[in-house]
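> Dropping the sequence and predicted coords here.
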Amino acid sequence: MILNIKIENFEGPFDLLLHLIKKNEMDIYDIKIYEITTQYLKYLDSMKEVDLEITSEFIVMAATLLEIKSRMLLPISKEEENEEENDPRKELINKLIEYKKYKLVAEFLEKREQKVGVVFKKKPEIIEEKKDKTKDVDILKDITILKLFNLYNGLISTYRNKMNTENAMDKEIPLDKFKIEDKMAEITNKLIDNKKLYFSKVIKNCSSKIEKVVTFLALLELIRLRVISVVQENNFKEIYVEEIGVNER
């Protein structure tokens with residue numbers, strides 16, 4: 001197996017081991033000690049080739065890995081096989097996990113340090129809006145009682161004219177002035193003399209809105225009782241009403 005190692009600056013042996021574990025996609029709780037030891041030693045040999053100084057910490061870790069490797073090669077009994085305490089890697093794994101925690105905390109603090117001096121915070125406070133009293137004074141500037149009186153009369157006149165328009169409905173509706181039964185009888189009587197009635201003419205003969213509404217309801221009731229039928233040949237054409245024969249009902 002050809003191993004390509006890129007020389008990098010590591011802060012210590014644990015940093016190098018974490019790098020090798022991540023590079024080989026290993027589970028930190030189940031380290032393949034043979035592969036890690038082989039790669040670790042090759043890294044130290046590469047440091048010698050480029051004349052880098054190898055500190056005692058790296059050498060001690062190399063000795064520890066070799067010791068763990070040799071202990072794992074020794075035969076173990078069946079009783080010791082299922083006991084985690086007899087795993088030679090246990091102490092190294094615990095130290096690596098602890099080192100990884102401190103490393104992550106250090107990276108987090110380093111990122112926070114870079115933002116120091118960039119973010120400025122201010123405590124929240126209630127900002128009261130100052131009212132400009134001069135604006136209220138300007139609104140009433142040059143306004144006299146006579147002008148206000150004329151303005152009021154103008155508004156009242158506009159309102160009365162609006163209420164007295166032809167489209168406005170009467171304030172008082174006479175009680176039972178128009179009845180649906182009367183309109184039904186009126187329509188059927190007209191159909192006796194005429195074969196059909198035009199809807200537009202029927203509505204046009206109404207004197208008020210309320211009479212138009214009652215007439216329309218009377219037509220709907222006659223249609224429901226199948227006394228009359230309503231026909232429209234095409235869209236937007238005249239709508240006409242005709243009586244339904246007794247045999248057709």
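Cool, got the structure.
> Give me the three-state assignment for the residue nearest to the spatial centre of the chain.
Of all residues in the chain, the one closest to the mean position by CA atoms, centre = their mean is residue 124, 27.8 Å from it. Taking DSSP: H, G, I helix; E, B strand; the rest coil as the rule, one finds residue 124 in the coil state.
> contacting residues for it?
By CB atoms under 8 Å, 6 or more residues apart in numbering, the contact set of residue 124 is empty. Heads up, the C-betas are built off the backbone N, CA and C, glycines and all.
> Would you mind listing where this protein has pLDDT under the threshold?
Along the chain, segments meeting pLDDT under 70 span 1-11, 48-55, 76-86, 116-120, 131-140, 165-176, 245-249.
> Just the strands from it, written as ranges.
Along the chain, counting by DSSP state E, strands occupy 196-198, 228-232, 239-243.
> Looking at the ones you listed, which one is packed in the most?
strand 239-243 (a mean of 17; mean count of other CB atoms under 10 Å).
> and that one, what does it pack onto?
Strand 239-243 makes packing contacts with helix 180-193, strand 196-198, helix 199-204, strand 228-232 when contacts are defined by 3 or more CB pairs under 8 Å, 6 or more residues apart in numbering; DSSP states H and E.
> neighbouring strands for the last one, and are they parallel or not?
Strand pairing for strand 228-232, determined by DSSP bridges: strand 239-243 (antiparallel).
> mind giving me the domain split of this protein?
13-115, 180-248 (automatic domain parsing).
> which residue of this protein sits farthest from its center?
residue 193 (67.2 Å).
> how near is that one to residue 215?
18 Å (CB to CB, to the nearest Å).
> go on, residue 148?
In terms of CB to CB, residue 148 sits 48 Å off from residue 215.
> How about the biggest helix by length in the chain, which residues are buried there?
Across the chain, the longest stretch assigned as helix under DSSP state H is helix 90-115. Residues 92, 96, 99-100 are the ones in helix 90-115 that count as buried (16 or more other CB atoms under 10 Å).
> ok, residue 34 - contacts?
residue 69.
> if we go to 10 Å?
Residue 34 makes contacts with 65, 68-69, 72-73, as judged by CB atoms under 10 Å, 6 or more residues apart in numbering.
> So which of those sit within helices?
Using DSSP H, the contacts of residue 34 in helices are 65, 68-69, 72-73.
> Got a PyMOL select line for the buried ones in the residues you listed?
To isolate the buried ones among the ones in helices among the contacts of residue 34 in PyMOL, judged by 16+ other CB under 10 Å, type:
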select buried, resi 65+68+69
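> Tell me the one of the ones in helices among the contacts of residue 34 nearest residue 21?
residue 65 (12.4 Å; CB to CB).
> I'd like to know how many residues surround the residue lying closest to the closest one once chain neighbours are set aside.
Among residues not flanking residue 65 along the chain, residue 37 sits closest, at 4.3 Å (CB to CB, 6 or more residues apart in numbering). Other residues near residue 37 come to 21 when the count uses other CB atoms under 10 Å.
> same thing with the one 5 residues further on?
Neighbourhood size, residue 42 [other CB under 10 Å]: 13.
> on that earlier part again, I figured the residue nearest to residue 65 hits residue 88, correct?
No. At 11.8 Å, residue 37 does not count as touching residue 88 under the criterion of CB atoms under 10 Å.
> hang on, the earlier thing: for the residue nearest to residue 65, give me its contacts.
20, 31, 61-62, 64-70.
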